[in-house]
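Visitor: take this sequence and fold it.
(2 chains)
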Amino acid sequence: MSSIISISGVTKTYATGFKALKEINLDIERGEIFALLGPNGAGKTTLISIVCGIVNRSSGTVTVDGHDIGRDYRAARSLIGLVPQELTIDAFETVWATVNYSRGLFGKASNAAFVEKVLRDLSLWDKKDSKAITLSGGMKRRLMIAKALSHEPRVLFLDEPTAGVDVELRQDMWAMVRRLREDGVTIILTTHYIEEAEAMADRVGVINKGEIILVEGKAELMRKLGRKQMKLELRAPLAAVPDGLSHYSLELSDDGSQLTYTYDNQSDRPGVASLIRDLEAAGIQFRDLDTKNSSLEEIFVSLLRQEP
Amino acid sequence: MTLRAAPNFRAVWAIYRMEMARAFRTVLQSIISPVISTSLYFVVFGSAIGSRITEIDGIAYGAFIVPGLMMLSLLTQSISNASFAIYFPKFVGSIYELLSAPVSYLEIIIAYVGGAATKSIMLGLIILATAALFVPLRIEHPFWMIAFLVLTAVTFSLFGFIIGIWAKTFEQLQLVPLLIVTPLTFLGGSFYSIHMLPGIWKTITLFNPVVYLISGFRWSFYGKADVSVGVSLGMTLLFLAICIAIVAWIFRTGYRLRN
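Guide: Numbering: from 1, shown residues only, chains lettered A, B, ... in the order given. Here you go, the predicted structure:
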């Protein structure tokens, strides 16, 4: 069995009647980094909360490494570490006490050496005797991660891990996530920062209005849905795109000095060479040219636009 | 599979230890303040009133109020300890960790209620020790004294736990202790024997469950009771059973813990 988390037919309707999730089916593969993307209110946190046991599902089943999260909740939950979005820590506990508490709560025998390693890895060792309330926001975020890692989870959920986090901590976190993956930990992160998914994820799932609208390997997704653009800086501004070039999807900037050609990079005949020949024939000269792939963000935005 | 489904004793211990650590961290609030308030009760009730009521049922007034004073603190502190212990993580959001941990509801209860009850039992013993400085004490039935102490602490810690889960605001958290428990305790014969009350009030008082707790507890000290000790014990157990039933219902339905 390659999937470590298997979600099938999961729905969630809150007491208010709000349907947060509609029929979610999703498999997370062992050892992958999976990014769950979606706008605010799409259902990302609800889905995670259901898998972790914080929110009851209305219907459907979830298994974690083959353990049903209802019937066999102890085995399922002991495999999972969760770093929630909000910084919610008992402010009056010391770093050392609260991380050891988490380890005990998950039924692991105390292991000072392991906890020390976790704290050192997260640059929290100097703060081990400080109370949580005295830590900076970034330090608190590290502490939340330390708590989640204290019990050696096989699956780590990071809910919006880098929201409001400075560049240094963000890079530290990305490095940590890669290290964990090397150790075989499966990582599921939710984010609405697309660049994060782009930099980290093996696979991407897009959730919108309580539905998974797409699950795809990041590379395939970028290849499949990615468009390529070529920008041409013209020597002399044009008033309009000449008629001879109208069969290319060309866009002229307002001041007429830049032409943008959008094409499908999957195509055998993307038309770049012929466009350049035709431009020459039309007597249009350019100073410079630049091509780029559309980012995951652009893909994401266009996906959500397609949604009814 | 069976091995993994084994009780998570480590979690119970982790929660219990955390709760006890909180008590020692706030030692001023948890221990010193009840000692001061007990001493004040002795000054006000013991000396001022005690000089006019010399004895009740053949017991010196100062000594007579000791079991009631202990119960007063035991009830209010059990409730506030337990309700706060579970309300606070709900309030700050750190409850997520408890809900996502491989612990059963029963284990959560044992740990939190155990912690709260331990604290209030310690408190009761501290009050007893403080009282011994003011008045000569005797305990005729030490086994029953401890039994009533433990039963009451556990019962009212459970009750506090229920309030902590039910409460959505700090105001609600204070509501039940303030509006119900404190009046019932004061009217429950902490400072007097219900036989001293005029006719109808004596009957009304019998609907106050605290009367039975205090009466039974006082009996374990002096062998004298307002109502028979069997009834006291029965009522205490009944209240415990009601609390257990409510807690069992809460956890079966996930009431106010899991959406």
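Visitor: tell me which residue is most central in chain A.
Guide: residue A:35 (3.3 Å; C-alpha atoms, centre = their mean).
Visitor: quick check, that one in a strand?
Guide: Yes - under DSSP: H, G, I helix; E, B strand; the rest coil, residue A:35 falls within a strand.
Visitor: so where is chain B shaky, pLDDT-wise?
Guide: B:1-5, B:30, B:50 (pLDDT under 70).
Visitor: quick check: residues of it near chain A?
Guide: B:1, B:4-5, B:8, B:10-11, B:13-15, B:17-18, B:21-22, B:25, B:88-89, B:92-94, B:96-104, B:254, B:258-259 (C-beta under 8 Å from any C-beta of the partner chain). Placement of C-beta: from N, CA and C, glycine included.
Visitor: these two touch, right, residue A:185 and residue A:158?
Guide: No - Residue A:185 is beyond contact range of residue A:158, at 11.1 Å (criterion: C-beta atoms under 8 Å).
Visitor: so those two - more neighbours on which side?
Guide: Neighbour totals were compared for residue A:185 and residue A:158, and residue A:158 leads with 27 against 20 (other C-beta atoms under 10 Å in any protein chain shown).
Visitor: got the contact list for whatever helix or strand that one lives in?
Guide: Element membership for residue A:158, per DSSP states H and E: strand A:155-159. With C-beta atoms under 8 Å, 6 or more residues apart in numbering or on different chains as the test, strand A:155-159 has contacts from A:4-5, A:28, A:44-45, A:48, A:51-52, A:64-65, A:79-85, A:145, A:148-149, A:177, A:180, A:185-190.
Visitor: that one pairs with which strands, and in what direction?
Guide: strand A:80-83 (parallel), strand A:186-191 (parallel) (DSSP bridges).
Visitor: tell me the helix or strand right after it.
Guide: Following strand A:155-159 in sequence, per DSSP H and E, is helix A:167-182.
Visitor: for the record, mean pLDDT for that following helix?
Guide: In this model, helix A:167-182 has a mean pLDDT of 87.
Visitor: what of stretch A:186-199?
Guide: pLDDT averaged over stretch A:186-199 gives 82.
Visitor: residues in contact with that stretch?
Guide: A:4-5, A:28-40, A:44-45, A:48, A:154-163, A:174, A:177, A:180-181, A:200-201, A:204, A:218, A:295-297, A:300.
Visitor: so who does the residue of chain A at minimum distance from chain B touch?
Guide: Proximity of chain A to chain B (C-beta to the nearest C-beta) peaks at residue A:104, 2.9 Å away. Residues near residue A:104 by C-beta under 8 Å, 6+ apart: A:110, B:10-11, B:13-14, B:17.
Visitor: out of the residues you listed, which are buried?
Guide: Among these, those buried by neighbour count (16 or more other C-beta atoms under 10 Å in any protein chain shown) are B:10-11, B:14, B:17.
Visitor: just give me the neighbour total for residue 76.
Guide: I'll assume chain A. 25.
Visitor: not quite, I wanted chain B
Guide: Using other C-beta under 10 Å, residue B:76 has 20 other residues around it.
Visitor: can you pull the contacts of it?
Guide: Per C-beta under 8 Å, 6+ apart, neighbours of residue B:76: B:177, B:181-182, B:185.
Visitor: can you give me the buried ones in the host helix or strand of it?
Guide: If you go by DSSP H and E, residue B:76 is part of helix B:61-92. Using 16+ other C-beta under 10 Å as the test for burial, helix B:61-92 gives B:61-91.
Visitor: and the residue nearest to the centre of chain A, what are its bridge partners?
Guide: Where residue A:35 sits in a bridge, its partners, by DSSP bridges, are residue A:189, residue A:204.
Visitor: OK, contacts around it?
Guide: A:188-191, A:196-197, A:200-201, A:203-205, A:218.
Visitor: could you export those as TSV, including distance to residue B:226?
Guide: Shown next, in TSV, are the contacts of residue A:35 (distance: C-beta to C-beta, whole Å):
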residue	distance to residue B:226
A:188	62
A:189	64
A:190	62
A:191	66
A:196	69
A:197	71
A:200	71
A:201	71
A:203	72
A:204	72
A:205	68
A:218	76
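Visitor: which pair of these spans the longest distance?
Guide: A:190 and A:218 (15.2 Å; C-beta to C-beta).
Visitor: all helices of the stretch 1-150 of chain A, in order?
Guide: Remark: helices assigned in the stretch 1-150 of chain A by DSSP state H, counting those that start in this stretch are A:44-52, A:73-78, A:95-105, A:112-121, A:137-149.
Visitor: out of the ones you listed, which gets nearest to residue A:262?
Guide: Of all these, helix A:44-52 sits nearest to residue A:262, with 30.5 Å by C-beta to C-beta.
Visitor: ok, that closest one near chain B or not?
Guide: Yes - using C-beta under 8 Å from any C-beta, we find that helix A:44-52 touches chain B at residue A:52.
Visitor: pLDDT on that helix, on average?
Guide: The model assigns helix A:44-52 a mean pLDDT of 93.
Visitor: could you dump it to CSV, C-alpha only?
Guide: Extracted in CSV, the C-alpha atoms of helix A:44-52 (Å, rounded to 0.1, in the frame of the first residue of the first chain):
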residue,chain,number,x,y,z
LYS,A,44,-8.3,23.3,3.9
THR,A,45,-8.3,23.6,7.6
THR,A,46,-11.5,21.7,8.0
LEU,A,47,-10.1,18.8,6.0
ILE,A,48,-6.9,18.7,8.1
SER,A,49,-8.9,19.0,11.3
ILE,A,50,-11.0,16.0,10.4
VAL,A,51,-7.9,13.8,9.6
CYS,A,52,-6.3,14.9,12.9
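Visitor: show me what that helix is packed against.
Guide: Applying 3 or more C-beta pairs under 8 Å, 6 or more residues apart in numbering or on different chains; DSSP states H and E, one finds that helix A:44-52 contacts strand A:3-13, strand A:19-29, strand A:33-37, strand A:59-64, strand A:80-83, strand A:155-159, strand A:186-191, helix B:95-100.
Visitor: need those in TSV (columns: distance to residue B:49).
Guide: Compiled in TSV, the helices and strands packed on helix A:44-52 are given as follows (distance: least, C-beta to C-beta, whole Å):
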stretch	distance to residue B:49
strand A:3-13	60
strand A:19-29	61
strand A:33-37	68
strand A:59-64	64
strand A:80-83	57
strand A:155-159	60
strand A:186-191	65
helix B:95-100	45
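Visitor: those: which one's closest to residue A:93?
Guide: helix B:95-100 (11.8 Å).
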